[in-house]
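**Q** pasting a predicted model and its sequence here:
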Amino acid sequence: MQDVVEKVYEQVVARNRGEAEFHQAVREVLESLDPVIAKHPHYADNALLERIVEPERQIMFRVPWVDDAGQVHVNRGFRVEFNSALGPYKGGLRFHPSVNVGIIKFLGFEQIFKNALTNQAIGGGKGGSDFDPHGKSDAEVMRFCQSFMTELSRHIGPNTDVPAGDIGVGGREIGYLFGQYKRLRNSYDAGVLTGKGLAWGGSLARTEATGYGTVLFAQSMLATKGETLEGKKIAVSGAGNVAIYAIEKAQQLGAKPITFSDSSGYVVDEAGVDLDLLKQVKEVERGRVADYVSRRPGARLVTEGRPWDVPVDVALPCATQNELDADSAATLLRNGCAVVAEGANMPCTPEAIAAFQAAGILYAPGKASNAGGVATSALEMEQNAGRTRWDFATAEAKLAGIMVDIHDSCVEAAETYGRPGDYVLGANAAGFTRVADVMIAHGIV
Ligand code: GLU
């Protein structure tokens, strides 16, 4: 990295001790900015880089709640309002025991550039809690969400900060959060949250959007080589919303996803994933991937290793950060995998990314390839503001158009800065310049 950029990174590490994921996300963006700053030195003036790596506001709060047995628990809540140059802070809430301030900051930082790539009027933010919804009753999840929103409600609003889901936060949680917000504010602000139910302001295609968008991005990458997804074998990790709808769209496009996973292991189904069964197990029963295997002859559960050990043409990491390391990357490459598109946020380690780039395969960073979810959240906000509802085909067509646009912006920026085909540089440069230009226009704020 150039001196000026390296100094900013060192300051981030010194100021945010122990926040390894945040350092990693910042480093990946700053490394890409070398050719951008070299070409446009004014981006380093007025401490623009120093400002962009510092959240505008960070909120951390106590979330006390009572379980079904009457026992009191205390979790920690977070909302990091990172950057509002382009619009209200926008980004999901993650409920998972691994959540800490460094994880939320990495996610919020990524969200700035991802949201900029969608070309919609949304800034970047993220929040969540170390609460674990797994194994909790609906009533416990409700009481937790109500307590969480009691504090969060002071900080958010349709023109201020618009949370949504992420890991551990789906339709059920958004419902409880919205109910409490509405009660506290005595105001039906549909646009304060996205990922809502269809009967109360949600958008068709929002549930599918992240997974669909990831596969559409892979399709656009393949098209640059004159190829399609038809007949391709795919390894998918995760079994949540992103994974399920990545599998669905891949099947619609004639590909054959053969794996998915959760923390208990991964499933290999060489005949191709039975999507109805997977949805039944994960969406209806909230079960484990083993429940799929017990009902699906020919499928097997593997508890050692990773889905990346299975020979495939395309890999879609859709689980969580740093789930695909250098060893997995080497295995994928050895087995002939030629496309990796991230459905999760930062699932590939820096070493894995370096291996993909050295091998010259098609690799898309999550801030580009998984932006379909937040893009469709912005479409939900648009419908809420217009008090209107689009049909599925309209929302899906808009999502598809946005994904093509993101893809093409990445390709163009990679060419502008001298590294054609480098989607990491392309995504970071295109996202950064959009935010930086507006920050400059807004002055030192
Ligand atoms: N959590 C999703 C993401 O990582 C979606 C955020 C949103 O819709 O606001 O982009």
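**A** That came through, no problem. Numbers count the residues shown, from 1 in each chain.

**Q** the ligand contacts on the stretch 51-200 of the chain?
**A** Near the ligand, the residues belonging to the stretch 51-200 of the chain are 90-92, 164, 166, 194 when assessed by Cβ under 6 Å from any ligand atom. Every C-beta, even on glycine, is put in place using the N, C-alpha and C of the backbone.

**Q** again, only this time at 5 Å
**A** 90-92, 164, 166 (Cβ under 5 Å from any ligand atom).

**Q** for the chain, longest helix please?
**A** helix 392-416 (DSSP state H).

**Q** SS state for Ala44?
**A** helix (DSSP: H, G, I helix; E, B strand; the rest coil).

**Q** that older thread, now the longest helix of the chain: buried residues?
**A** 395-396, 398-400, 402-403, 406-407, 409-411, 413-414, 416 (16 or more other Cβ atoms under 10 Å).

**Q** what is that helix packed up against?
**A** helix 101-117, helix 206-223, helix 366-369, helix 372-385, helix 423-441 (3 or more Cβ pairs under 8 Å, 6 or more residues apart in numbering; DSSP states H and E).

**Q** could you find the closest non-adjacent residue to the closest residue to the ligand within the stretch 301-445 of the chain?
**A** Residue of the stretch 301-445 of the chain nearest the ligand, by Cβ to the nearest ligand atom: Ser377 (3.3 Å). Excluding the flanking residues, the one nearest Ser377 by Cβ to Cβ, 6 or more residues apart in numbering is Thr194, at 3.8 Å.

**Q** report the separation between that neighbour and Asn384.
**A** Computed as Cβ to Cβ, to the nearest Å, the Thr194 to Asn384 distance reads 8 Å.

**Q** who has more neighbours out of these two?
**A** Under the criterion of other Cβ atoms under 10 Å, the comparison of Thr194 against Asn384 puts Thr194 first, with 26 against 22.

**Q** pLDDT averaged over the longest helix of the chain - what is it?
**A** Helix 392-416 comes out with an average pLDDT of 98.

**Q** so the closest residue to the ligand within the stretch 1-150 of the chain: helix, strand or coil?
**A** As assessed by Cβ to the nearest ligand atom, the ligand sits closest to Gly92 within the stretch 1-150 of the chain, at 2.8 Å. The local conformation at Gly92, judged by three-state DSSP, is strand.

**Q** deepest of the helices and strands packed on helix 392-416, which one?
**A** Burial of these is given as mean neighbour count (mean count of other Cβ atoms under 10 Å); helix 366-369 ranks first at a mean of 29.

**Q** contacts for it, please.
**A** Residues from elsewhere that reach helix 366-369, judged by Cβ atoms under 8 Å, 6 or more residues apart in numbering: 110, 113-114, 117, 213-214, 217-218, 341-347, 406-407, 410, 423, 426-428, 431.

**Q** how about a cut-off of 6 Å?
**A** Here helix 366-369 makes contact (Cβ atoms under 6 Å, 6 or more residues apart in numbering) with 110, 113-114, 117, 214, 217, 341-342, 345, 406, 410, 427.

**Q** re earlier: so the residue nearest to Ser377 sits in a strand?
**A** No. According to three-state DSSP, Thr194 belongs to no strand; its state is coil.

**Q** residues in contact with it?
**A** Contacts for Thr194 (Cβ under 6 Å, 6+ apart) come out as 164, 377, 380.

**Q** that older thread, correct me, but the residue of the stretch 1-150 of the chain closest to the ligand touches Val162?
**A** No. The pair Gly92 / Val162 is not scored as a contact, 10.1 Å apart, by Cβ atoms under 6 Å.

**Q** backbone dihedrals for Leu362, please?
**A** phi -80, psi 120 (degrees, to the nearest 10).

**Q** quick check: it touching Ala223?
**A** No. Applying Cβ under 6 Å, one finds Leu362 not in contact with Ala223, separated by 10.3 Å.

**Q** what's the longest helix of the chain in contact with?
**A** Contacts of helix 392-416 (Cβ under 6 Å, 6+ apart): 117-118, 203-205, 209, 213, 216-217, 220, 368, 371-372, 375-376, 379, 420, 422-423, 425-427, 429-430.

**Q** could you tell me the end-to-end distance of stretch 187-203?
**A** 20 Å (Cα to Cα, to the nearest Å).

**Q** mean confidence score for it?
**A** 98.

**Q** buried sites along that stretch?
**A** Buried residues in stretch 187-203, counting neighbours by 16+ other Cβ under 10 Å, are found at 189-196, 201-203.

**Q** quick revisit: okay, the helices and strands packed on helix 392-416 in CSV with mean pLDDT next?
**A** Shown next, in CSV, are the helices and strands packed on helix 392-416 (pLDDT from 0 to 100):
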stretch, mean pLDDT
helix 101-117, 98
helix 206-223, 98
helix 366-369, 98
helix 372-385, 98
helix 423-441, 98
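
**Q** just put these in JSON lines and tack on distance to Leu275.
**A** Listed next are these as JSON lines, based on distance: least, Cβ to Cβ, whole Å:
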{"stretch": "helix 101-117", "distance to Leu275": "27"}
{"stretch": "helix 206-223", "distance to Leu275": "11"}
{"stretch": "helix 366-369", "distance to Leu275": "21"}
{"stretch": "helix 372-385", "distance to Leu275": "19"}
{"stretch": "helix 423-441", "distance to Leu275": "28"}
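
**Q** enumerate every residue touching the spatially most central residue of the chain.
**A** Among the residues of the chain, the one closest to the centroid is Asn345, at 4.5 Å (Cα atoms, centre = their mean). Each residue near Asn345 by Cβ under 6 Å, 6+ apart is listed here: 107, 110, 366.

**Q** out of these, who's nearest Cys145?
**A** Within the contacts of Asn345, proximity to Cys145 (Cβ to Cβ) peaks at Leu107, which comes in at 19.3 Å.

**Q** would you check that the closest one makes contact with Lys126?
**A** Yes. Under the criterion of Cβ under 6 Å, Leu107 makes contact with Lys126 at 4.0 Å.

**Q** what ranges does the protein have for its strands?
**A** Assigned by DSSP state E, the chain shows strands spanning 57-66, 72-83, 89-95, 124-129, 161-164, 233-237, 256-257, 259-262, 265-268, 300-302, 314-317, 339-341, 362-364.

**Q** quick one: which of those is nearest Ala436?
**A** Ala436 lies closest to strand 72-83 among the strands of the chain, at 10.4 Å (Cβ to Cβ).

**Q** tell me the buried residues in that closest one?
**A** Within strand 72-83, judged by 16+ other Cβ under 10 Å, the buried ones are 75, 77-83.

**Q** next, the angle from that strand to strand 124-129.
**A** 170 degrees (axes from the mean of the first three to the mean of the last three Cα atoms, to 10 degrees).

**Q** quick one, strand 72-83 and strand 89-95 angle?
**A** Going by the same axes, to 10 degrees, strand 72-83 makes 150 degrees with strand 89-95.
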